[in-house]
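Novice: Need the 3D shape of this:
(one chain, ligands or ions: 2)
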Amino acid sequence: MCVFCYMGSKSFLEKVAEIITDLKKYNPNLIYVKIHFYSKNNYVYVPQELLPLYRDVIVPLADIVTPNQFEAEKLSGISINNQDDALKAIECLHTKGVKVVVISSSDIGKEGNMLTLASTAKNGVRECYKIEFPMLDGRFVGTGDLFAACLLGWIHKSNSIKDAFEKTLSTMQSVIKRTLEHAQKLAGPGNKPTPAQMELRLVQSKSDIENPKDTFKAQLNRKTLSQSAQNQAATSLRNQLSGLENRHSSSGLLLDITRGGKRVRGCTYAQVTCAFILILVIMVTSAMMRYLERESGFKAISTHSVVLMHNSLNTSRGNMTHLSNFP
Ligand SMILES: Nc1ncnc2c1ncn2[C@@H]1O[C@H](COP(=O)(O)OP(=O)(O)O)[C@@H](O)[C@H]1O
Ligand SMILES: Cc1ncc(COP(=O)(O)O)c(CN)c1O
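Specialist: Ligands and ions are numbered 1, 2, ... in the order given. Prediction:
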């Protein structure tokens, strides 16, 4: 597993992309998680010019991404004002090849609430859950990191996005409530806690991290995608299909049979065309035989066999026939 936070330099980012690509080659099971990298509360951490690199190179390499609303907007180019928009943004990130997309926080729930969404994409099927909860009054630092760490840990343990999502939210809220209560105690009545007083009470929350309470139930998001998002999804499917065609034409293959991701057999267009022509010739010839037999009273017999098919098409044998004159 490899977790990657934000980086502010182009050359660092390019190196990370190179390393992740290499690591995935050696270990295809490597899970690479892209977490906070860009911004919080509309504040941009990294230079704007790095956005295309994050969006087009780093994110497509990720298995899991956990952007907040602002980052999801930046990465997808979709402004998120409601759940439909959020689904479109999520779809856009899935289209980039990300398997798990979690929007860690958004303001599209009910007034005063935070809404989080977790979506998986498996074999073209989307499963999206949401959890809504009251937003507490305070600015917390490191919540995005804690969120990603808990989520990854639980996905690894339970392999269920719903379960991992619920447990993560439960831990987050316990930690945040404990932090806020402690900060308010330190600040004194009527005073606003300082950032230092708001430091997350992680050590004190050990048991809530290890054994999250069963407080949150994720709801399956039954809202269907809007027409435009469906069109977007259809376009992405078309892109995937055209990618497939390109792959075939680039390898010159019409049919790939793969085992464990490796091609074990393939047929070229030429081979398949030859096979069809030969089958056609055999059918026409045998029809002619029968016709001539009927019309002339001659008998057609088979004299020898020849190899018909190209060996890479599972060598098979067929009979060649010719006409003999029987009295
Ligand atoms: N003000 C808040 N009130 C309640 N929960 C919060 C608050 N801020 C953060 N959280 C919790 O932290 C999680 C991650 O927060 P988020 O704001 O998305 O992090 P970041 O912006 O650092 O990436 C949220 O899912 C939520 O559970
Ligand atoms: C330098 C720096 N500052 C602050 C943060 C905290 O970010 P957040 O509150 O969004 O988790 C991070 C998160 N990786 C960071 O790398």
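
Novice: which element is whichever residue of the stretch 1-150 of the chain sits closest to ligand 2 on?
Specialist: Per CB to the nearest ligand atom, Gly144 is where the stretch 1-150 of the chain lies closest to ligand 2, at 3.0 Å. (C-beta placed from N, C-alpha, C; glycine too.) Using DSSP states H and E, the secondary-structure element containing Gly144 is helix 143-158.

Novice: That helix: what's the following helix or strand?
Specialist: Past helix 143-158, the next helix or strand by DSSP H and E is helix 161-187.

Novice: Can you give me the distance of whichever residue of the stretch 101-250 of the chain sits closest to ligand 1 to Leu151?
Specialist: Nearest residue of the stretch 101-250 of the chain to ligand 1: Gly144, at 2.5 Å (CB to the nearest ligand atom). For Gly144, the distance to Leu151 equals 11 Å [CB to CB, to the nearest Å].

Novice: Next: Arg290.
Specialist: Taking CB to CB, one finds Arg290 at 70 Å from Leu151.

Novice: Then Met289?
Specialist: In terms of CB to CB, Met289 sits 70 Å off from Leu151.

Novice: So for the two, which sits in the more crowded spot?
Specialist: Leu151 (26 against 18; other CB atoms under 10 Å).

Novice: For the residue of the stretch 1-150 of the chain closest to ligand 2, give me the pLDDT.
Specialist: Turning to Gly144, the model gives it a pLDDT of 91.

Novice: Assess the claim that it and Val65 are in contact.
Specialist: No. Gly144 lies out of contact with Val65 (CB atoms under 8 Å); the separation is 11.5 Å.

Novice: With neighbour numbers in mind, choose between these two.
Specialist: Val65 (28 against 21).

Novice: For the more buried one, which non-adjacent residue is closest in space?
Specialist: Nearest-residue entry for Val65: Lys34, 4.5 Å, with adjacent residues in sequence omitted and distances by CB to CB, 6 or more residues apart in numbering.

Novice: Find the residue at the geometric middle of the protein.
Specialist: Residue closest to the mean C-alpha point of the chain, counted by CA atoms, centre = their mean, is Lys99 at 2.7 Å.

Novice: doesn't Ala121 make contact with that one?
Specialist: Yes. Using CB under 8 Å, Lys99 is in contact with Ala121, at 5.7 Å.

Novice: Find the residue ranges of the stretch 201-327 of the chain scoring beneath the pLDDT cut-off.
Specialist: 222-274, 298-327 (pLDDT under 70).

Novice: What is the neighbour count of Lys185?
Specialist: Neighbours around Lys185, by other CB under 10 Å: 11.

Novice: what do you get for Glu210?
Specialist: Considering only other CB under 10 Å, Glu210 is surrounded by 9 other residues.

Novice: ok, and what's touching stretch 203-212?
Specialist: 150, 166-168, 170-171, 174-175, 178, 182, 202 (CB atoms under 8 Å, 6 or more residues apart in numbering).

Novice: give me the subset of those touching ligand 2.
Specialist: Within the set of these, contact with ligand 2 (CB under 6 Å from any ligand atom) is found for no member.

Novice: most neighbours, which of those?
Specialist: In terms of neighbour count, Thr168 stands highest of the contacts of stretch 203-212 at 29 neighbours, by other CB under 10 Å.

Novice: Pull out the buried positions in stretch 90-109.
Specialist: 90-96, 98-106, 108-109 (16 or more other CB atoms under 10 Å).

Novice: near ligand 2 at all, that stretch?
Specialist: No. Stretch 90-109 does not reach ligand 2 (CB under 6 Å from any ligand atom); its nearest approach is 8.6 Å.

Novice: any idea how the chain splits into domains?
Specialist: Partitioning the chain according to automatic domain parsing yields domains covering residues 2-225, 267-323.

Novice: Looking at the ones you listed, which one is packed in the most?
Specialist: Among these, domain 2-225 has the highest mean neighbour count (mean count of other CB atoms under 10 Å), at a mean of 17.

Novice: ok so, going back, please produce TSV containing the contacts of stretch 203-212, extended by distance to Pro195.
Specialist: Formatted as TSV, these follow (distance: CB to CB, whole Å):
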residue	distance to Pro195
Cys150	22
Glu166	30
Lys167	28
Thr168	24
Ser170	25
Thr171	22
Ser174	21
Val175	16
Arg178	17
His182	14
Leu202	16
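
Novice: Tell me the residues of the chain that contact ligand 1?
Specialist: 36, 40, 68, 104-105, 114, 116, 135-136, 138, 140, 143-144, 147, 169, 172-173, 176.

Novice: let's see it at 5 Å
Specialist: The chain comes close to ligand 1 at residues 36, 40, 68, 104-105, 116, 135-136, 140, 143-144, 147, 172, 176, as judged by CB under 5 Å from any ligand atom.

Novice: Quickly list what Lys122 is bridged to.
Specialist: Val125 (DSSP bridges).

Novice: Keeping just the C-alphas, turn stretch 195-209 into CSV.
Specialist: Coordinates of each C-alpha in stretch 195-209 appear next as CSV, following Å, rounded to 0.1, in the frame of the first residue of the first chain:
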residue,chain,number,x,y,z
PRO,A,195,-5.1,26.5,16.2
ALA,A,196,-2.6,24.9,18.7
GLN,A,197,-5.5,24.2,21.1
MET,A,198,-7.4,22.6,18.2
GLU,A,199,-4.7,20.0,17.6
LEU,A,200,-6.5,16.6,17.0
ARG,A,201,-6.7,14.5,20.2
LEU,A,202,-5.4,11.4,18.4
VAL,A,203,-3.5,9.6,21.2
GLN,A,204,-6.5,10.1,23.5
SER,A,205,-8.7,8.7,20.8
LYS,A,206,-6.8,5.4,20.4
SER,A,207,-9.8,3.2,21.3
ASP,A,208,-12.1,5.1,18.9
ILE,A,209,-9.6,4.5,16.1
